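>>> Provide a 3D model corresponding to the input given below.
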Amino acid sequence: VRRVIAAHDVGRAINPMHTEGQIEGGVLQGIGYALLEEVVLKDGKFANASFLDYRLPGPMDQPTIEAVIIETNDPSGPFGAKGVGEPPIVPVAPAIANAIADATGVRLRELPMTPERVWRALRDTLSL
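Residues are numbered from 1 along each chain as shown. Next up, the predicted model:
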């Protein structure tokens, strides 16, 4: 992933810089969920129980993220604000899956979407 434009209706952005940071953090967490993070179990135990084996996105994995803050009035939120912590995570994996499908013609339906899983999907498609 090289670039993400993430537009979110946040109600009222009480602190726009903080809101932008929440969107950027959520996008990066979504990238980790989509491409890197996987719990591996062996005999009912975690096979990757440490951060040495469980890969999280770091600074080198972060693409350019353009956070677009869309402000509306939410009368049920405090001062018109909406929650912005988790919503940016939700669309990332489907967007990456769509990009992979557009580029390769194969639809991945399992996370994380690793290079090996892309290769296997291509191989299986070509074997038909």
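>>> can we go C-alpha only for contacts and neighbour counts from here?
Fine.
>>> So which residues of this protein form strands?
Assigned by DSSP state E, the strands in the chain fall at 3-11, 41-42, 45-46, 64-71.
>>> so of those strands, which one's packed in deepest?
The highest mean neighbour count among the strands of the chain, using mean count of other CA atoms under 10 Å, belongs to strand 3-11: a mean of 17.
>>> Point out where this protein drops to low pLDDT.
Residue ranges of the chain with pLDDT under 70: 128.
>>> Of all the strands of the chain, which one comes closest to I100?
Proximity to I100 (CA to CA) singles out strand 3-11 among these, at 14.4 Å.
>>> I96: neighbour count?
A count of nearby residues for I96, using other CA atoms under 10 Å, gives 18.
>>> can you check T125 too?
Quick note: T125 (other CA under 10 Å) scores 11 neighbours.
>>> before we move on, what about A49?
A49: 12 neighbours (other CA under 10 Å).
>>> Using CSV, write out every CA atom in stretch 109-128.
C-alpha atoms of stretch 109-128 as CSV (Å, rounded to 0.1, in the frame of the first residue of the first chain):
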residue,chain,number,x,y,z
ARG,A,109,-11.3,-14.0,1.2
GLU,A,110,-8.9,-14.7,4.0
LEU,A,111,-6.8,-12.4,6.1
PRO,A,112,-4.1,-11.5,6.2
MET,A,113,-3.6,-11.2,2.5
THR,A,114,0.0,-12.2,2.4
PRO,A,115,2.1,-12.5,-0.8
GLU,A,116,2.0,-16.3,-0.4
ARG,A,117,-1.8,-16.3,-0.3
VAL,A,118,-1.9,-14.1,-3.5
TRP,A,119,0.5,-16.5,-5.2
ARG,A,120,-1.6,-19.5,-4.2
ALA,A,121,-4.7,-17.9,-5.4
LEU,A,122,-3.1,-17.1,-8.8
ARG,A,123,-1.7,-20.6,-9.0
ASP,A,124,-5.1,-22.1,-8.3
THR,A,125,-6.7,-19.9,-10.9
LEU,A,126,-4.2,-20.9,-13.5
SER,A,127,-4.6,-24.6,-12.6
LEU,A,128,-8.2,-24.6,-13.6
